[in-house]
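Peer 1: Provide a 3D model corresponding to the input given below.
(one chain, ligands or ions: 1)
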Amino acid sequence: MGNEESEYNRPLIHYTPEYGWLNDPNGLFFDKKEKLWHIYFQYNPNGSVWGLPLYWGHATSKDLVNWKHHDLAISPEKDDEGIFSGSIVIDHINTSGFFDDSIDPDQRVVAIYTNHDSNEKQTQEIAYSLDAGYTFTKYKANPVIDLNLTQFRDPKVFWHKQSNQWIMIVVKSQDFKIQIYGSTNLKDWKFHSNFSSGFYGFQYECPGLFEVPIENSTKSKWVMVLAINPGSPIGGSFNQYFIGDFDGYNFAPDDTQSRIMDIGKDFYAFQNFSDVEEGAIGLAWASNWQYGNLVPTTERRSSMSLARRYTLKEININPETKILSLIQRPIIPDSITAVNSIVKTSFHPTINNILSLVAQDSTGLFDFKLRFKIKEKRFSNQEKITFDILVQSQVQDNEIDTVKVGFDAVISSYYFNRAIKNKNFENEFFTDKLSTYMEPLSYDDNNLPVFELYGIVDRNIIELYFNDGAVAMTNTFFMNEGRYPHSIKLVVNNEDSKFEFEQVSLRHLTN
Ligand SMILES: OC[C@H](O)[C@H](O)CO[C@]1(CO)O[C@H](CO)[C@@H](O)[C@@H]1O
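Peer 2: Residues are numbered from 1 along each chain as shown. So this is what the prediction gives:
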């Protein structure tokens, strides 16, 4: 690993720019010809804070964890302007007329983005690429949609085969309207409808609409995603989503439920990839506008989340009711292997019988997977029956920094704690304790409740997936200068722990 100071808290497999500021993922697409993933992103190359001029940065990957940086993809015309968020589609049948037969149908790349001009006016523009997504030419008749507004942005476009048209999902941000437009050629757009629902917060941002397969079924549903910032129930930025049907003109939600995509503090501006060969894959910006510009990394600020595969499944939210929910599973290639690990197929922890994986010459990359049952179903509410996974730094100046995730069997809830006394970072909005109630994933033959937990730690970010992706929680954390994860421990808090682990895997990983 890069041992220089600025690298100790730079994630290994979560995308970060080489230098500068990154926020929203943009233009995510899969090049089917090259089998290559492309991410673009909101990028300030001139400093590690958000600022104009703002560009589309660009990176590519064959496996969604090893990224190759490329030159700026789309640039504003003036230094006090920004190429704000947007998306990319592959215009296979050349509806736009931008391409000739020399361009492979799987590489007919058209970007749709918000141009934020010096008067703060926000209009929707398009640009096409004749080299499969590395350089772009702006459409000579831009903008393609101009409502003379300053809060009108973040177009997510896709081909809706059922109604044979391009669909744009874009927000009138502070009017709390998701607007749906249609087009046959990406140049001329017709307003179809508005959709408003869920938490309003201060403003809508980064909307999206994508089809998600239902597990163990041939059916799928449409998922509308919507970013809110500020105004998250846990502070600052978050993504909510709605499940429903889409006919090419109107989105009809199944219910009035607003569902939260990721209950952590650092998962924002989610976008799904265009032209994925099967299913639904997406990722988000792993930070929060409350403190994103202030976190104690210097050369660069923030990273993307891991890419995740999305499905829908009915999950119990209480003993009586199941609801259809997004299931998220991180995409981790086999090239990520264990340097050392502790794997058990059955483990009964006690206060003195713990598991501790210590990495020599740590990469800072770890994961853990637990499947456990609780041996009793009734507890007095004065009891404390918990286990903890402790992610700890190396000892430095006789101190050690810890991030932990645990489970309390009495209230059937996971908890997370990233409270670290960091001399360089103190922020009132950097919420350090989070939790979620979980119904059991299943019950064993003796009707004992079974739960699962998967976590991946990558130097200064931890992604948690509860009950096989039924709930996800993404958080950054900042250990003191030079410190980063060196060990993982599984501990319990009482002598006769009521936990029976059917599976424990603690791994120190290398990429
Ligand atoms: O100054 C940017 C402001 O904080 C916005 O709320 C951030 O907006 C987003 C969301 O993070 O970032 C983009 C711009 O970088 C914009 O297109 C998108 O709506």
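
Peer 1: Just list whatever residues bridge to residue 156.
Peer 2: Bridge pairing for residue 156 (DSSP bridges) gives the partners residue 169.

Peer 1: Look at it and report its pLDDT.
Peer 2: With respect to pLDDT, residue 156 has a value of 99.

Peer 1: Identify the residues contacting residue 135.
Peer 2: Residues in contact with residue 135 (CB atoms under 8 Å, 6 or more residues apart in numbering) are 71, 73, 129. Heads up, the C-betas are built off the backbone N, CA and C, glycines and all.

Peer 1: switch the cut-off to 10 Å
Peer 2: Contacts were defined as CB atoms under 10 Å, 6 or more residues apart in numbering; by that measure residue 135 touches 58, 70, 71, 72, 73, 74, 127, 129.

Peer 1: contacting residues around the closest residue to residue 247 other than its chain neighbours?
Peer 2: Nearest non-adjacent residue to residue 247, counting by CB to CB, 6 or more residues apart in numbering: residue 163, 6.9 Å away. Residue 163 makes contact with 182, 192, 246, 247, 248, 249, according to CB under 10 Å, 6+ apart.

Peer 1: would you list the residues you listed in a markdown table and tack on secondary structure?
Peer 2: Output for the contacts of residue 163, formatted as a markdown table (DSSP: H, G, I helix; E, B strand; the rest coil):
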| residue | secondary structure |
| --- | --- |
| 182 | strand |
| 192 | strand |
| 246 | strand |
| 247 | coil |
| 248 | coil |
| 249 | coil |
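
Peer 1: Tell me the bridge partners for residue 165.
Peer 2: Beta-bridge partners, per DSSP bridges, of residue 165: residue 160.

Peer 1: can you check residue 240 too?
Peer 2: Beta-bridge partners, per DSSP bridges, of residue 240: residue 226, residue 260.

Peer 1: got it, and residue 500?
Peer 2: residue 373.

Peer 1: same deal with residue 22?
Peer 2: Residue 22 has the following beta-bridge partners by DSSP bridges: residue 43.

Peer 1: next one: residue 450
Peer 2: residue 373, residue 442.

Peer 1: For it, which residues are in contact?
Peer 2: Counted by CB under 10 Å, 6+ apart, residue 450 has contacts 371, 372, 373, 374, 440, 441, 442, 443, 444, 467, 500, 502.

Peer 1: tell me the two of those residues that are most distant?
Peer 2: Using CB to CB, those reach their maximum pairwise distance at 467 and 500, which is 16.9 Å.

Peer 1: By neighbours, which of the contacts of residue 450 wins?
Peer 2: Taking other CB atoms under 10 Å as the neighbour criterion, residue 372 ranks highest of the contacts of residue 450 with 24 neighbours.

Peer 1: what kind of secondary structure is the residue nearest to residue 247 in?
Peer 2: Per three-state DSSP, residue 163 ends up coil.

Peer 1: gap between it and the ligand?
Peer 2: Counting by CB to the nearest ligand atom, to the nearest Å, the gap from residue 163 to the ligand is 27 Å.

Peer 1: coming back round to it: would you list the contacts of residue 163 in TSV and tack on distance to the ligand and pLDDT?
Peer 2: Compiled in TSV, those are given as follows (distance: CB to the nearest ligand atom, whole Å; pLDDT from 0 to 100):
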residue	distance to the ligand	pLDDT
182	22	98
192	21	98
246	22	98
247	27	98
248	25	98
249	25	98
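
Peer 1: Any quick ChimeraX command for the buried ones out of those?
Peer 2: In ChimeraX, a selection of the buried entries from these looks like this (16 or more other CB atoms under 10 Å):
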select :182,192,246
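
Peer 1: does residue 236 really touch residue 294, like I thought?
Peer 2: No. Judged on CB atoms under 10 Å, residue 236 makes no contact with residue 294 at a distance of 11.9 Å.

Peer 1: Mind checking which of the two has more residues around it?
Peer 2: residue 236 (22 against 13).

Peer 1: mind listing what the spatially closest residue to residue 393 that is not a sequence neighbour touches?
Peer 2: Using CB to CB, 6+ apart and skipping residues adjacent in sequence, the residue nearest residue 393 is residue 483, 3.7 Å away. Each residue near residue 483 by CB under 10 Å, 6+ apart is listed here: 8-9, 364, 392-397, 399-401, 420, 422.

Peer 1: before we move on, the earlier item: nearest to the ligand among the contacts of residue 135?
Peer 2: residue 74 (12.7 Å; CB to the nearest ligand atom).

Peer 1: quick one: the closest one from residue 142, how far?
Peer 2: According to CB to CB, to the nearest Å, residue 74 and residue 142 sit 12 Å apart.
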